[in-house]
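A.B. asks: predicted model and sequence follow; I will ask about them next.
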Amino acid sequence: MSQIDAPPRAGHRFAELPDTSDPAAALTDPRIALTLDELSSCQGLAGKHITFSLTLACPLKCRHCIVDAGPEKGHTTMPLAVAERYAGQMADLAAYGIEGICFTGGEPTLARRQMQVMSAAAEAAGLETAMVTAAQWAATPKLAARTVADFPAIACWDVSFDLFHLDWVGFEHIRNAHDAILAAGRRFTLRFTYNDPPSETERALMARLGELEGAKIAAQRVRAVGRGEDMGIAASDKYNPWVKPCLTQGMVVRYDGSISPCCLNLVESRRHPFQLGEATARELAEIHHDYMRQPLLQLIRALGFGQLYLWLEEAGLTERLPEQLPDEACELCTLILQDRELADFLKAKAEEPANRLRIAVIAARSLGEDQMLRSLLEDDAVVLDPQERRALTQFLNRGRPDGATAGPTRGE
C-alpha cells in the first residue's frame, strides 16, 4: 500500500495552476502561468473580498501550518456574539461594494454556529461565500453529506490536502468531500502545498487528485511561516521577487477582532505597518475603506516591490537586506515589512503627498480602484493646480451619465 492510499495515522489563498490533463506536471516548475486578465482579476480581489479567520483550533497539527493551528487552540474561537455583530453588517458590506467573503482558520467547521450565522447573513445580502477546510469531517460519505448540509450558505468549498495532511486525512476523505459537495450543487476546489522540488510522492498525490471529476487544483510551495519555520526550508532564488505584485485577496478579520492585510505570510503577524484597529470596535466597511487607502499596500498590489527597492537604495538602506533574497513576493514582503526601520521608512515615503497622488492614480488606472484618488482630492495636504484637479476629476467621472459627478471638484 502506498503512502497515498494508507489510512491516516492520527494555510489560504493560492494562485491557480494552469489547466492541464496532467496535474502532476504542473509541479515541474513553480512559476504561475496567468494571462493579463487573470492577473488583473487576482490583483483586484482585495477591493471586494474579506476573509474571516474564525479560530486557530484544528483537529490536525500539520507541520507546515502557517498559523500554527492545533487541537489545543479552542480558546481562540471567535465568540458567537462577535460573529452575530459581523453578520449584522453583511448588508452594509454588500452596499459598500464587497462581493464575497471566505471563512478560514484553523478549521472553520469547528466554529459551527458562528459560520452558520455569518454565512447565512452573507448569502441573504447577495455575497458569495466560501470556506477553507481540511475535510477531516468526511471520513464516510454519510458524514461528509451531513457536514455539507450543515452549512447550506457556503457556495464554494476549498479543501486543503497534500503530503502534510496525510497523517490525519486520507484520499478517501477528499473523495467523500468532493462527492458530497458536488451532490449538493456547491463548488469544490483543492489546495495543494508542495516542497520545492516536489517529491515523487507529491507528484503521485497530485496525479491522484486529478482523477476527481471537475476538481480545480491550486498550488503553492511550502512557506517558512508558522510551524513551517521549523522545517528548514532552503531559500530559493530562481526568480526576481521585486517585479511581482502582491496578490493579497483582501484583509483578514481575525478571531480576536484584529486585522491582517493578507491571508498568507502576514496572516498571524502583528508586526506590519498596516494597523487598522479592531473590528469589534469599528464597522467592517469603515475598516475596509481605510484598508484600500493605505498607499504602501496599494503600491505593492499594483506594481510590486520595485519602487520600494529604489527608495531603499536612495536612502542607503539596501545594506539591511540579506545578500540572497527570497524569490517569492510574499516572503520578500515579510522580510521587508517586519523590519521595523525599513517598514517605517517605506510607509512614510509612500505617504508623502506627491507619492500618495502617484500611487492613487496608478491604483485607479491599473486596478480600477479610485478610492484613494477620491480621498486625495479632498485632502488639503495634496497641492494641485486647477488644471490638474480638473483633469483628475474628469478621470473619476469617466463613463458616468452627463451631469453626474464622482468626485469632489473643490478648487476649480
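C.D. replies: In hand now; what should we look at? None of these values were measured; they are calculated from a predicted model.
A.B. asks: and Ile174, that one's in a strand?
C.D. replies: No: Ile174 is assigned helix when assessed by DSSP: H, G, I helix; E, B strand; the rest coil, not a strand.
A.B. asks: distance of it from Pro322?
C.D. replies: Between Ile174 and Pro322 the distance is 39 Å, computed by Cβ to Cβ, to the nearest Å. For the C-beta atoms, the positions are set from N, CA and C on the backbone; glycine is no exception.
A.B. asks: the two: which is more packed in?
C.D. replies: Set Ile174 next to Pro322 and count neighbours by other Cβ atoms under 10 Å: Ile174 wins out with 24 against 8.
A.B. asks: what about the nearest residue to the more buried one once chain neighbours are set aside, how many residues nearby?
C.D. replies: Nearest residue to Ile174, sequence neighbours excluded (Cβ to Cβ, 6 or more residues apart in numbering): Phe161, at 5.1 Å. Neighbours of Phe161 under the rule other Cβ under 10 Å: 23.
A.B. asks: against Gly214, how distant is Phe161?
C.D. replies: 16 Å.
A.B. asks: I figured Leu317 hits Asp344, correct?
C.D. replies: No: counting by Cβ atoms under 8 Å, Leu317 does not reach Asp344; the two are 10.9 Å apart.
A.B. asks: when those two are compared, which one has more neighbours?
C.D. replies: Neighbour count, other Cβ under 10 Å: between Leu317 and Asp344, Leu317 has more, with 16 against 11.
A.B. asks: pretty sure the residue nearest to Ile174 sits against Tyr194.
C.D. replies: No: counting by Cβ under 8 Å, Phe161 stays clear of Tyr194, with 11.5 Å between them.
A.B. asks: need the contact list for Arg358.
C.D. replies: When contacts are counted by Cβ atoms under 8 Å, 6 or more residues apart in numbering, Arg358 touches no other residue.
A.B. asks: in which helix or strand would I find it?
C.D. replies: Element membership of Arg358 [criterion: DSSP states H and E] is helix 353-366.
A.B. asks: same question for that helix, mean pLDDT?
C.D. replies: In this model, helix 353-366 has a mean pLDDT of 92.
A.B. asks: what do you get for stretch 148-161?
C.D. replies: Here the average pLDDT along stretch 148-161 is 98.
A.B. asks: pull that stretch out as PDB, backbone CA atoms only.
C.D. replies: The C-alpha coordinates for stretch 148-161 follow below in PDB (Å, rounded to 0.1, in the frame of the first residue of the first chain):
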ATOM      1  CA  VAL A 148     -22.100  19.900   3.800                       C
ATOM      2  CA  ALA A 149     -25.800  20.000   4.600                       C
ATOM      3  CA  ASP A 150     -24.900  21.800   7.900                       C
ATOM      4  CA  PHE A 151     -23.600  24.800   6.000                       C
ATOM      5  CA  PRO A 152     -26.200  25.500   3.300                       C
ATOM      6  CA  ALA A 153     -25.000  29.000   2.700                       C
ATOM      7  CA  ILE A 154     -21.400  28.100   1.800                       C
ATOM      8  CA  ALA A 155     -21.200  28.100  -2.000                       C
ATOM      9  CA  CYS A 156     -17.500  27.200  -2.500                       C
ATOM     10  CA  TRP A 157     -15.600  24.600  -0.500                       C
ATOM     11  CA  ASP A 158     -11.900  24.900  -0.700                       C
ATOM     12  CA  VAL A 159     -10.400  21.700   0.500                       C
ATOM     13  CA  SER A 160      -6.700  21.600   1.600                       C
ATOM     14  CA  PHE A 161      -4.900  18.300   1.000                       C
END
